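# got a sequence here, can you build the structure:
(one chain, ligands or ions: 1)
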Amino acid sequence: MSANLKYLSLGILVFQTTSLVLTMRYSRTLKEEGPRYLSSTAVVVAELLKIMACVLLVYKDSKCSLRALNRILHDEILNKPMETLKLAIPSGIYTLQNNLLYVALSNLDAATYQVTYQLKILTTALFSVSMLSKKLGVYQWLSLVILMTGVAFVQWPSDSQELDSKELSAGSQFVGLMAVLTACFSSGFAGVYFEKILKETKQSVWIRNIQLGFFGSIFGLMGVYIYDGELVSKDGFFQGYNRLTWIVVVLQALGGLVIAAVIKYADNILKGFATSLSIILSTLISYFWLQDFVPTSLCSSMKDWV
Ligand code: C5P
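As a prediction, the model looks like this:
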């Protein structure tokens, strides 16, 4: 049963990550009139959807009884403030991480950022070994290094992107690099910390996700206020939302649920393999189907070898 859940959750994660990347890319190519949606509000909406979905799942687990649901939410969340507070740590780190990635993307070209961010595969393994006492053999470490190198190659900047990156100053490249490197450590730590909480305490994964979403919404609202407060008071919270925005937001919320299930039934290291597979899948779909992926000089020289 739990082996089935492990592979099911990993499979859904591959599907979810691939469709999110492709939908986001598609939404960027669409030309819309009026203001664009604010990503800071999308983060909050996704957190709220995640909480609603988790409340429904807890309701289903309590045999669809409203009284039982009410009791569980009271007993497990309101009456255990210290347990609930534990989730403020990964939630705060994830918020910081999302902001660091924003800094990284403003100072580095997208491809360099993606390649460097793959280092999180190794930081995740390091935290899993030190915080969860996981044992990795030489072959497992070696396969992680091969995985990281392979994914980095898939995302290697194309020649035109290399030209773009030359326009960024060395100073700002350094700031971007520091931001993405810090994000690699925060991603590894937050993921493994969440895994430790899930596997070492008895609260269900859905209760833990409600707690995570609660803090996520608070931190997210603070982000809306700080970054887009003026725009929201002028054109409203949902400015620029269209059907595609809602699809992206729902896919993001689904992502939070699936990531939690993957961490519970598999682990963070396997999550790294699943998201890597989805990077390769979305690159292939984008090359053969959307025809918007340009092979790099590295790919061309590989073609010369075969
Ligand atoms: O890059 P990384 O794999 O660390 O990103 C994890 C993402 O998953 C974060 O944006 C975090 O907000 C989200 N997450 C979530 N719910 C969880 C665990 C992670 O939404 N239970």
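
# who's in contact with A183?
For A183, the contact set (Cβ atoms under 8 Å, 6 or more residues apart in numbering) comprises 97, 100-101, 104, 117, 120. Quick note: C-beta positions are derived from backbone N, CA and C, even for glycine.

# correction: T123
The contact partners of T123, by Cβ under 8 Å, 6+ apart, come to 184-185, 187-189.

# what helix or strand is the residue of the stretch 1-150 of the chain found nearest the ligand on?
The ligand sits closest to Y94 of the stretch 1-150 of the chain, with a gap of 3.9 Å, by Cβ to the nearest ligand atom. For Y94, the element it lies in under DSSP states H and E is helix 88-107.

# which secondary structure elements does that helix contact?
The criterion is 3 or more Cβ pairs under 8 Å, 6 or more residues apart in numbering; DSSP states H and E, and the helices and strands that helix 88-107 contacts are helix 110-117, helix 170-200, helix 205-235.

# only alpha carbons, please: show the shortest one as PDB.
Provided in PDB are the C-alpha atoms of helix 110-117 (Å, rounded to 0.1, in the frame of the first residue of the first chain):
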ATOM      1  CA  ALA A 110      17.100  32.400 -16.200                       C
ATOM      2  CA  ALA A 111      19.200  29.500 -17.500                       C
ATOM      3  CA  THR A 112      22.300  30.200 -15.200                       C
ATOM      4  CA  TYR A 113      19.800  30.400 -12.300                       C
ATOM      5  CA  GLN A 114      18.200  27.100 -13.200                       C
ATOM      6  CA  VAL A 115      21.600  25.300 -13.700                       C
ATOM      7  CA  THR A 116      23.000  26.600 -10.300                       C
ATOM      8  CA  TYR A 117      19.700  25.800  -8.500                       C
END
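
# after it comes which helix or strand?
Next helix or strand after helix 110-117 toward the C-terminus (DSSP H and E): helix 120-132.

# that next one: which residues count as buried?
120-125, 127-128 (16 or more other Cβ atoms under 10 Å).

# now do that helix against helix 88-107, angle only.
160 degrees (axes from the mean of the first three to the mean of the last three Cα atoms, to 10 degrees).

# I'd like the distance from helix 120-132 to the chain centre, please.
With Cα atoms, centre = their mean, to the nearest Å as the basis, helix 120-132 stands 17 Å off its chain's centre.

# try stretch 19-33
Taking Cα atoms, centre = their mean, one finds the center of stretch 19-33 at 18 Å from the center of the full chain.

# and stretch 98-107, by the same measure?
With Cα atoms, centre = their mean, you get 14 Å for stretch 98-107.

# equivalent analysis for stretch 248-259, please.
Relative to the centre of its chain, stretch 248-259 is centred 9 Å away, using Cα atoms, centre = their mean.

# is any residue of that stretch near the ligand?
Yes. Judged by Cβ under 6 Å from any ligand atom, stretch 248-259 and the ligand are in contact via 256, 259.

# and for that stretch, what are the contacting residues?
Counting by Cβ under 8 Å, 6+ apart, 9, 12-13, 16-17, 19-20, 23-24, 27, 42-43, 45-47, 49-50, 53-54, 209, 212-213, 271 sit against stretch 248-259.

# mind redoing it with 6 Å?
The contact list for stretch 248-259 (Cβ atoms under 6 Å, 6 or more residues apart in numbering) reads 12-13, 16, 20, 23-24, 42, 45-46, 49-50.

# so which helix or strand takes in the residue nearest to S278 when sequence neighbours are not counted?
Sequence neighbours aside, T17 is the residue nearest to S278 in space, at 3.8 Å (criterion: Cβ to Cβ, 6 or more residues apart in numbering). Per DSSP H and E: T17 is located in helix 2-29.

# what's the following helix or strand after that helix?
Criterion used, DSSP H and E; the element after helix 2-29 is helix 39-61.

# packing partners of that next one?
Counting contacts by 3 or more Cβ pairs under 6 Å, 6 or more residues apart in numbering; DSSP states H and E, helix 39-61 packs against helix 205-235, helix 243-265.

# pull the most distant pair out of the contacts of T123.
Using Cβ to Cβ, the contacts of T123 span at most 9.7 Å, a distance reached by C184 and F189.

# mind checking how far the residue nearest to A183 when sequence neighbours are not counted is from L69?
Spatial nearest neighbour of A183, excluding adjacent residues (Cβ to Cβ, 6+ apart): L100 at 4.4 Å. Look at L100 and L69: by Cβ to Cβ, to the nearest Å, they are 37 Å apart.
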